[in-house]
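> Sequence and predicted model, in that order:
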Amino acid sequence: AARAVFARAEAARKAGELRKAAALYRKAIQIDPDFVEAHSQFVSASRIAELPTVLRSGAIVTGESTTQKEERETRERMEQEAEEKVASDLEAEYQRWAQEHPNKAVYEYMLGQFKQYSDPHAAEQHYLAAVKIDSKFAPAYLGLSGLEELRGEEQKSIEYLRKAVDANPNDPSYLLSYAR
């Protein structure tokens, strides 16, 4: 059932109906909370769909601008602030879900995804929490591998890739990453 809803969400996304897509991805998640791809697409679609709403709502307030450069800078700042608000709202939702479902590794994983670049240490803690909940949760090992790669720790990165492959040997994406 979750895959069928996900397929409808994908069709809505491809048609540019991002709000509808986000709602359908959310429904797929409700049906199958462990559906990692639905989570990723939900976050992506929600970020894009909600950005214009936040900008139009006046939730981000700026002063008057008088030159084109100032107008461009104001618009860029407003967009950045709007993106941060949308991301913050989504992260808060995942924090709530993680608290409501402490036995679901996917929520800790997604929280790690939110922090992957802005706060690698926090991301690492979320990924480690995910594999503590479910030692076979391959996406968290992939996230840990990426963090180690960013840190320049090639051997640790490879070890986490191996754990991802061991956790999910039937997923070719993990095998391809490990083979590199």
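Looks like it arrived, so ask away.

> Identify each buried residue in the lengthiest helix in the chain, please.
Determined from DSSP state H, the single longest helix within the chain is helix 68-100. For helix 68-100, burial by neighbour count (16 or more other C-beta atoms under 10 Å) applies to 78, 81-83, 85-87, 90-91, 93-94, 97-98. Any C-beta I mention is one placed from the backbone N, CA and C, and that applies to glycine too.

> Give the next helix or strand downstream of it.
Scanning forward in sequence from helix 68-100 by DSSP states H and E, the next helix or strand is helix 105-115.

> So which residues make contact with the next helix or strand after that next one?
Per DSSP H and E, the first helix or strand lying C-terminal to helix 105-115 is helix 120-133. With contact meaning C-beta atoms under 8 Å, 6 or more residues apart in numbering, helix 120-133 is reached by 102-106, 108-109, 111-116, 137, 139-141, 143-144, 147, 150-151.

> Buried only: go through those for me.
Buried members of the contacts of helix 120-133, counted by 16+ other C-beta under 10 Å: 104-106, 108-109, 111-116, 137, 139-141, 143-144, 147.

> hang on, the earlier thing: may I see the buried residues of helix 68-100 organised as CSV, with pLDDT added?
Shown next, in CSV, are the buried residues of helix 68-100 (pLDDT from 0 to 100):
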residue, pLDDT
Met78, 75
Glu81, 78
Ala82, 73
Glu83, 81
Lys85, 84
Val86, 83
Ala87, 86
Leu90, 93
Glu91, 94
Glu93, 95
Tyr94, 96
Trp97, 96
Ala98, 96
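
> Give me the residue ranges of the protein where confidence is low.
The model of the chain has pLDDT under 70 over residues 51-66, 174-180.

> switch the cut-off to 90
When residues are selected by pLDDT under 90, those of the chain lie in 47-87, 117, 168-180.

> so who does Leu147 touch?
Gln116, Pro120, Ala123, Glu124, Tyr127.

> now these: which count as buried?
Buried among these by 16+ other C-beta under 10 Å: Gln116, Pro120, Ala123, Glu124, Tyr127.

> What is the nearest of those to Leu161?
Distance to Leu161 across the buried ones among the contacts of Leu147 (C-beta to C-beta) is lowest for Tyr127, with 13.3 Å.

> Quick check: the closest one vs Lys14, distance?
Spatial separation of Tyr127 from Lys14 under the definition C-beta to C-beta, to the nearest Å is 30 Å.

> do the same with Arg75
Relative to Lys14, and taking C-beta to C-beta, Arg75 is found at 28 Å.

> How about Glu81?
For Glu81 relative to Lys14 (C-beta to C-beta), the value is 29 Å.

> Next: Asp34.
Relative to Lys14, and taking C-beta to C-beta, Asp34 is found at 24 Å.

> Which one of the two is surrounded by more residues?
Set Asp34 next to Lys14 and count neighbours by other C-beta atoms under 10 Å: Asp34 wins out with 14 against 9.
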